[in-house]
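J.: need a 3D model of the following:
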Amino acid sequence: MLKHCVFLNFKPEFTIAEPAEVFGRLSGLVKEIDGLQSFEYGGNLDFENKSSDYSEGFIATFPLLSIA
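T.: Down below sits the predicted model:
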């Protein structure tokens, strides 16, 4: 499996509810995109201190069909 991790910040003018709406819509793509197995999102818990500049993140999981 392939896990694609994305870290981001929303613009300051976003309301508190808007990020949840965006992530909710992206989660809906699991039903629409063949091969997208799961979509997880939430606040960035940067235990390794590698992405502290970003407050939010998501992980999209895809099957690994082959190894080149």
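
J.: let's verify the residue most central in space within the chain: helix, strand, or coil?
T.: Using C-alpha atoms, centre = their mean, the residue of the chain that lies closest to the mean C-alpha position is Phe58, 1.6 Å off. Three-state assignment for Phe58 (DSSP: H, G, I helix; E, B strand; the rest coil): strand.

J.: contacts only, for it.
T.: Taking C-beta atoms under 8 Å, 6 or more residues apart in numbering, we find Phe58 in contact with Cys5, Val6, Phe23, Leu26, Phe39, Glu40, Tyr41, Gly42. Every C-beta, even on glycine, is put in place using the N, C-alpha and C of the backbone.

J.: which of those fall in helices?
T.: Of those, the ones assigned to helices by DSSP state H are Phe23, Leu26.

J.: show me where pLDDT drops low in the protein?
T.: The model of the chain has pLDDT under 70 over residues 66-68.

J.: let's see it at 90
T.: Judged by pLDDT under 90, the chain has its weakly predicted residues at 46, 49-52, 64-68.

J.: which parts of it are strands?
T.: With strands called from DSSP state E, the chain shows them at 2-8, 38-43, 56-62.

J.: nearest to Lys50, out of those strands?
T.: strand 2-8 (9.2 Å; C-beta to C-beta).

J.: and for the closest one, what's in contact with it?
T.: Contact partners of strand 2-8, identified using C-beta under 8 Å, 6+ apart, comprise 44, 51, 54-64.

J.: thanks a lot, catch you later.
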